[in-house]
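# just coords:
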């Protein structure tokens, strides 16, 4: 069993495409569960999520890292993946996760992203981020892991202390502790559609 955790907050315009992409995977739907952890949305996010997800509930911990932690605690899977409500997952995402975690040494797995929104600026920003990610991984100097496209072995994640609830960067910091539990691996096939809207606003 693989569990997929999706934190959400007022994502009614985006969450359906994310969840639809998750329900159209190359493995049986019974082989994985979808858990949506909501931050108190005032829109129809939860109503939409309930059409596709196995569990939808309101987070009790603070920040995005806390929402992911709440999802981990509720998850049934030995392997737990995280993504964002405005992402699009490739149809082989779950299958690739399952294949890579056959290596018992792997405790964390991550992959690259591509921009959902068009534009040269978005493509350039993601190209830089993906290049940075690959350089860090293959040089064994750092791990540029993103919460929208990463997965963990549950027991190792708990031993590492789970996510620390920062305002930002908790999805990068966790890899520093996970590498002490085993192998942090990168797979270029795990290419996730990533919304640039927050970066554009920033």
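All right, it came through fine. These numbers come from a predicted model, not from an experiment.

# From now on I want contacts and neighbour counts done on CA atoms only, so please keep to that.
Will do.

# I'd like the distance between the most far-flung residue of the chain relative to its centre and residue 196.
Using C-alpha atoms, centre = their mean, the residue of the chain lying farthest from its centre is residue 120. It sits 24.9 Å away. Using C-alpha to C-alpha, to the nearest Å, we find residue 120 at a distance of 12 Å from residue 196.

# Mind listing what's buried along the longest helix along the chain?
Secondary structure of the chain per DSSP state H: the longest helix is helix 120-138. Under the neighbour-count criterion of 16 or more other C-alpha atoms under 10 Å, helix 120-138 has 122-123, 126-127, 129-130, 133-134, 137 buried.

# and that helix, how far from the chain's centre?
Chain-centre distance of helix 120-138: 18 Å, with C-alpha atoms, centre = their mean, to the nearest Å.

# cool, and stretch 41-59?
Using C-alpha atoms, centre = their mean, the distance from the centre of stretch 41-59 to the centre of the chain it belongs to is 17 Å.

# Endpoints of that stretch, how far apart?
11 Å.

# Give me the buried positions along it.
By neighbour count on 16+ other C-alpha under 10 Å, the buried set for stretch 41-59 is 45-46, 48-49, 52-53, 55-59.

# And the average pLDDT for that stretch is what?
Mean pLDDT, stretch 41-59: 96.

# ok, and what's touching it?
By C-alpha atoms under 8 Å, 6 or more residues apart in numbering, the surrounding residues in contact with stretch 41-59 are 8-12, 15-16, 19-20, 23, 33-40, 66-67, 70.

# Please repeat the previous calculation with a cut-off of 6 Å.
Contacts of stretch 41-59 with the rest of the structure, by C-alpha atoms under 6 Å, 6 or more residues apart in numbering, involve 9-12, 34-39, 67.

# Narrow those to those in strands?
Using DSSP state E, 34-38 are the members of the contacts of stretch 41-59 that sit in strands.

# Helix or strand with the lowest mean pLDDT in the protein?
helix 197-201 (a mean of 60; mean pLDDT, DSSP states H and E).

# Break down the protein into its strands, ranges please.
Ranges of strands in the chain, per DSSP E, are 2-8, 32-38, 55-58, 79-82, 106-110, 113-115, 150-153, 183-186, 192-194.

# between the ones in strands among the contacts of stretch 41-59, which has the most around it?
Most neighbours among the ones in strands among the contacts of stretch 41-59, by other C-alpha atoms under 10 Å: residue 36, with 29 neighbours.

# can you list the strands of the chain in JSON lines and add distance to residue 144?
Formatted as JSON lines, these follow (distance: least, C-alpha to C-alpha, whole Å):
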{"stretch": "strand 2-8", "distance to residue 144": "19"}
{"stretch": "strand 32-38", "distance to residue 144": "24"}
{"stretch": "strand 55-58", "distance to residue 144": "29"}
{"stretch": "strand 79-82", "distance to residue 144": "15"}
{"stretch": "strand 106-110", "distance to residue 144": "9"}
{"stretch": "strand 113-115", "distance to residue 144": "12"}
{"stretch": "strand 150-153", "distance to residue 144": "10"}
{"stretch": "strand 183-186", "distance to residue 144": "10"}
{"stretch": "strand 192-194", "distance to residue 144": "15"}
